[in-house]
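1. all I have is the shape, not the residue letters:
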């Protein structure tokens, strides 16, 4: 009866390991495709701020070239 817990722990360990592998695969694929980690919880405000920041960076780099 001492090894009964191993019969349950082994499959649970395999399942947990596969979940970790899948999560890391998603992270690295997204990072390779977009060049940065995924921003979790991106709402309309965050999207608007990203657009604003992108415009500011583009305008400051264009101003520095002139």
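-> Sure, I can see it. Computed from a predicted structure; not experimentally measured. Residues are numbered from 1 along each chain as shown.
2. contacts and neighbour counts: CA atoms only from here.
-> Fine.
3. so residue 38, which of the three states?
-> On the three-state scheme (DSSP: H, G, I helix; E, B strand; the rest coil), residue 38 is labelled coil.
4. would you agree it is in contact with residue 30?
-> Yes: the pair residue 38 / residue 30 is scored as a contact, 6.8 Å apart, by C-alpha atoms under 8 Å.
5. immediately after whichever strand or helix holds residue 26, which helix or strand?
-> Using DSSP states H and E, residue 26 falls within helix 4-34. The helix or strand immediately downstream of helix 4-34 is helix 44-65, counting by DSSP H and E.
6. tally of neighbours for residue 30?
-> 14 (other C-alpha atoms under 10 Å).
7. what does residue 58 give?
-> A total of 12 residues lie near residue 58 under the criterion other C-alpha under 10 Å.
8. got a list of what it touches?
-> By C-alpha atoms under 8 Å, 6 or more residues apart in numbering, the contact list for residue 58 is empty.
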